[in-house]
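**Q** Kindly return the folded structure for what I paste below:
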Amino acid sequence: MNEAANFCNGPCHERQKAISSEIDQLIYMPTGRDLQTKALPIDIKHYNGFTQLDAHSYYGSQQTKATYDWFLTRGYKRPFIVERSSFAGLGKYAGKWLGDTFSTAQDMQRSVTGSMMMNVFGIPFVGGDICGF
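**A** Take a look at the predicted model:
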C-alpha cells in the first residue's frame, strides 16, 4: 500500500472539513463507495495546487519512481517493485498488485479482468490475491 492513507475516513477533525466539498460536485461516484474511506480528504490542496482527488494515485506512482531511481543509483539493473497505487506510465518502473480480495469466485473473476486491463494500460506484470483473506 503506497498511496497516502488516513484512517479517519476523510478529515479527522470537524475544523478540517471543507466548506464546499468537491465530492458534492461529482456526477458519479467512482467505485460506488465513498472516496474518502481510509484515504485523505479529496479537498486538500497539494503544494503544486492539485487537489487530493487529482493526485491520489499519482502520489503512489511517483513514490515508486523514486524507489526505482534509488535502486538504479545503487547499481541494480532491474529493480523488482510491486505497488498497489497506479497511474499512467507505472509499467516502466514497477508491477502492480490489484489489492485485497476475498476468496470468492466473483473476486477471482475481477482479478483476471483487472490483470488484463492493466496489461492494456501498459503494466505487464500484474497480480491479484488468489487465496483472498
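**Q** hey, where'd the helices end up in the chain?
**A** 52-73, 105-120 (DSSP state H).
**Q** out of the ones you listed, deepest packed?
**A** Among the helices of the chain, ranked by average contacts under mean count of other C-beta atoms under 10 Å, first place goes to helix 52-73 (a mean of 16). Where you see a C-beta, it was placed from the backbone N, CA and C, and this is true even at glycine.
**Q** Need the residues that contact that helix.
**A** By C-beta atoms under 8 Å, 6 or more residues apart in numbering, the list of residues contacting helix 52-73 from outside reads 2-4, 22, 35, 39-44, 46, 79, 81, 83-87, 89-90, 93-94.
**Q** Tell me the gap between that helix and the middle of its chain.
**A** On the basis of C-alpha atoms, centre = their mean, to the nearest Å, helix 52-73 sits 11 Å off its chain's mean C-alpha point.
**Q** Please apply the same query to stretch 115-131.
**A** Taking mean C-alpha positions (C-alpha atoms, centre = their mean), stretch 115-131 and its chain are 14 Å apart.
**Q** What's the end-to-end length of that stretch?
**A** 16 Å (C-alpha to C-alpha, to the nearest Å).
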